[in-house]
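Colleague: Predicted model follows, preceded by the sequence.
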Amino acid sequence: MYDVLHWDSPELAKAVERGLGTFGVPEPVSLEQWAREHFYLSKESSYVEQQWVPWPFQRAIMACISNDDIRSIDFMKSARVGYTKMLLAAIGYFAEHKRRNQALWQPTDGDSDEFVKTELDPMLRDVKVMARAMPGHVSRNKDNTLAQKKFLGCLLHTRGGTAARAYRRISVDVAFLDELDAFLRDIEKEGSPDVLAGKRVEGATFPKIVTGSTPKLQGFSLIEDRFNAADERFRYAIPCPDCGEHHTLTWGGKDDQHGFKWLNGDPETVRHACPHCGSLIDQGQYLAAAERGRWQNADGSLTIDFDGVFRNAAGAVVDAVERIAFHVWTAYSPMVTWANLVREFMDAHDKAQTGDISKLKAFVNTTRGETWAVEMEKTDADQLKERAEPYKLGTVPRGCLRLLAGADTQGNRVEVAVWGYGRGCEMWLVDYRIFYGNPDEDAIWQEVAEYLFETEFPHASGAYLKIHGTAIDSGGHHTHAVYSFAQEHAGKNVFSVHGRSGREKHIKDGVSRMDIDWRGKVKKRGAILWWVGTNLAKDLLYGRLQLTKPGPGYVHFPKDASDEFFKQMAGEARVEQATAGGRESRWTKLRNRQEAWDCTVYTIWLETHFELAAKKTARLWDQLEEEIQPAITDLFAQPVAAEYAEPALYAPEEAKPQLAAPAATGTVRGGKISLAGTRRGAV
């Protein structure tokens, strides 16, 4: 009997403790406190594998996430502010400490799977306390999959957010949406993803929805919409070392008295100016002051301290706000130097002076954590024509060293625009040709081939240039004819292209193999189709059209280009448009004819394909200059130059270029664009 009464089994004790533990109530702690004790940075997703210590601005955010009185938290952010780590810590906290059902949506199924493999699974492995909440996290079973993690007393659903079914049959306490602006704005016509996710927590005792994202385009940003709709919006403020007044870090501008300032283009001199006293502080002083910072709303009447306690202007504790939003950007991160932020901006600014706003847009979105505003100004055909210069179609001005052609097929013709390129992707319209005939017949393509491959254009130096590459639109009713022509002349840099508008990621947006010829027969080795990110290419082109001084990226037009050509170049605007995924901003036709514009867009794709803007092409431009327009040492040996007005020296402007939308114009019937390019020796 003694042995029975005093029998001891450690294994049984652990099993009983684990089983009864699901009925216990742990001592309340905040997410910030839990993360300090338990959270760990995994080697797969961190620069340094180590115990995690939150940055000052992260502490109040985490405290608010774990506050049951707060139902909605929206985080509009830049990159490099540790949002993913806070999200992972929150998942672990709600699973292990509060035992609440959760759902995490990523923009796509692929994003969700990648997040689970590279972020979530390493966290479950390395945060030791999670082994107690999910004993089977290392095993392969139905409770540990890419779509679901089963913990003791609760579940976590991980899904992509592209389909409406991903939001059905789920009842959870906490809903997370990561990178909200990368989601479709309307999920299969059932609503926005945040609204659908919000329905999944409506019946919870303590419902909570947390969204976070780097913002994108102004007016089309889901995270900005939620940020603006919050009851209160907070930004992190630090006390000025000199005057003691709290202020937020802002980028500022050359005409602003506050924000970042630096001297003589030297990033190492960057300081932040206090808006109250004008005092300048360096990053070291900011990091010291950040330990005494606080989150505050726009007028400072409401603040949140490190422990997530809300206070009014008098410092008295007040109730938490149910729906709040935070904004934070890269300057607050101790992992990024302010000098490097200035270098990023200067690089993006210089690129914008050539008309390429892609880096400037990325800087605003991913570094400043703000939406990109496209300013719609009116630009009509007359404004483009006014900038035309006294050189002739069919001739190549000095500075123009490489010729690219964009072509478009219509029902009774093929139109070709030849653009010349120089250093910095400065562009000259060299020729425009229309070939009449049925594009489904061989005769017209023989004419096109003769023009593209045999025409030699006289250069101002006395040399002659041929077309280096051609991109032909395969859209419309003559797709297979274009495939056949491009495949036959692939060795001469002829490419069949087609626009991909809406969710493209790059101007050069992929490639496909087409295995049907223009007579409908299957081919063993099909033609290659290159996809063009048309919205991005048009953004780049319109950015260049806003440059006012010749130099990198500037677009030159000859005086003898026709009125119809200029009207076609002003034939589109970037406007809001209804799509299957909701309302989006896209380039839209304002007139029926715009072939000149389309042909020019295809040369932008060629420019990207040949990497003419890359730094490594400097040697190419040196070589072309030596071959085509070498430096002249003998004044009596100068070649006879084509009629051309030498442009003024280029001086970059400080203001960023603005995308312009042309004024609406009436449809022009008829009208023929003539050409001037000839084959060398032709009469």
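Modeller: On my side now, so go ahead. Please read all numbers here as calculations on a predicted model, not as lab measurements.

Colleague: With Ile507 as the reference, measure out to the residue nearest the centre of the chain.
Modeller: Per CA atoms, centre = their mean, the C-alpha nearest to the average position across the chain is that of Ala362, at 5.8 Å. Ala362 sits 14 Å away from Ile507 when distances are taken as CB to CB, to the nearest Å. The C-beta positions use only the backbone N, C-alpha and C, and glycine is treated the same way.

Colleague: do the same with Ala325
Modeller: Distance from Ala325 to Ile507, by CB to CB: 34 Å.

Colleague: Repeat that for Leu403.
Modeller: Separation of Leu403 from Ile507 (CB to CB) stands at 19 Å.

Colleague: Go through the helix or strand containing Ile444 and flag the buried ones.
Modeller: For Ile444, the host element (DSSP states H and E) is helix 442-454. Neighbour-count burial for helix 442-454 flags 444-445, 448-449, 451-452 (criterion: 16 or more other CB atoms under 10 Å).

Colleague: of the residues you listed, closest to Ala133?
Modeller: Of all the buried residues of helix 442-454, Ala133 sits closest to Leu452, with 66.9 Å by CB to CB.

Colleague: Which residues are in contact with that closest one?
Modeller: 405, 416, 467, 470, 492, 494 (CB atoms under 8 Å, 6 or more residues apart in numbering).

Colleague: residue contacts, the residue nearest to the centre of the chain?
Modeller: Here Ala362 is in contact with Ala348 (CB under 8 Å, 6+ apart).

Colleague: tell me the pLDDT at it?
Modeller: At Ala362, the pLDDT value in this model is 92.

Colleague: How much space separates it from Asp356?
Modeller: Ala362 is 11 Å from Asp356, by CB to CB.

Colleague: Poorly predicted segments of this structure, please.
Modeller: Along the chain, the parts satisfying pLDDT under 70 run over 1-8, 12-26, 45-48, 136-140, 374-380, 501-503, 515-525, 575-584, 632-683.

Colleague: ok so, going back, could you dump the helix holding Ile444 to CSV, C-alpha only?
Modeller: Taking C-alpha atoms only, helix 442-454 is exported to CSV below (Å, rounded to 0.1, in the frame of the first residue of the first chain):
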residue,chain,number,x,y,z
ASP,A,442,3.7,38.7,-96.8
ALA,A,443,4.1,41.8,-99.1
ILE,A,444,3.8,44.4,-96.3
TRP,A,445,6.3,42.6,-94.1
GLN,A,446,8.8,42.5,-96.9
GLU,A,447,8.6,46.3,-97.0
VAL,A,448,8.9,46.5,-93.3
ALA,A,449,11.9,44.2,-93.3
GLU,A,450,13.6,46.3,-96.0
TYR,A,451,13.1,49.5,-94.0
LEU,A,452,14.2,48.1,-90.7
PHE,A,453,17.3,46.2,-91.8
GLU,A,454,18.6,48.2,-94.8
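
Colleague: picking that back up, by neighbour count, which of the contacts of Leu452 wins?
Modeller: In terms of neighbours by other CB atoms under 10 Å, the contacts of Leu452 top out with Thr470 at 29 neighbours.

Colleague: now the one helix or strand the residue nearest to the centre of the chain maps to: how far from the chain's centre is it?
Modeller: Using DSSP H and E, the element containing Ala362 is helix 358-362. Taking CA atoms, centre = their mean, to the nearest Å, one finds helix 358-362 lying 8 Å from the centre of the chain it belongs to.

Colleague: List the buried residues of it.
Modeller: For helix 358-362, by 16+ other CB under 10 Å, it's 358-361.

Colleague: is Ala325 in a bridge, and if so with what?
Modeller: Per DSSP bridges, the residues bridged to Ala325 are Asp74, Arg233.

Colleague: cool, and Tyr421?
Modeller: Arg402, Met427.

Colleague: Distance check, it against Ala460.
Modeller: 15 Å.

Colleague: Then Phe453?
Modeller: On the measure of CB to CB, Phe453 and Ala460 end up 23 Å apart.

Colleague: again with Glu426
Modeller: 14 Å.

Colleague: Looking only at neighbour counts, state which of the two leads.
Modeller: Set side by side, Glu426 and Ala460 show more neighbours around Glu426, with 24 against 21, by other CB under 10 Å.

Colleague: Was I right to think that one contacts Lys549?
Modeller: No - using CB atoms under 8 Å, Glu426 makes no contact with Lys549, being 10.9 Å away.

Colleague: Not counting its neighbours along the chain, what's nearest Val29?
Modeller: In space, and not counting its chain neighbours, Val29 is closest to His97: 6.8 Å by CB to CB, 6 or more residues apart in numbering.

Colleague: So what's the residue count around the one you found?
Modeller: 20.

Colleague: what does Met346 give?
Modeller: Met346, neighbours per other CB under 10 Å, totals 13.

Colleague: Can you pull the phi/psi pair for it?
Modeller: phi -60, psi -40 (degrees, to the nearest 10).

Colleague: who's in contact with it?
Modeller: Here Met346 is in contact with 265, 267 (CB under 8 Å, 6+ apart).
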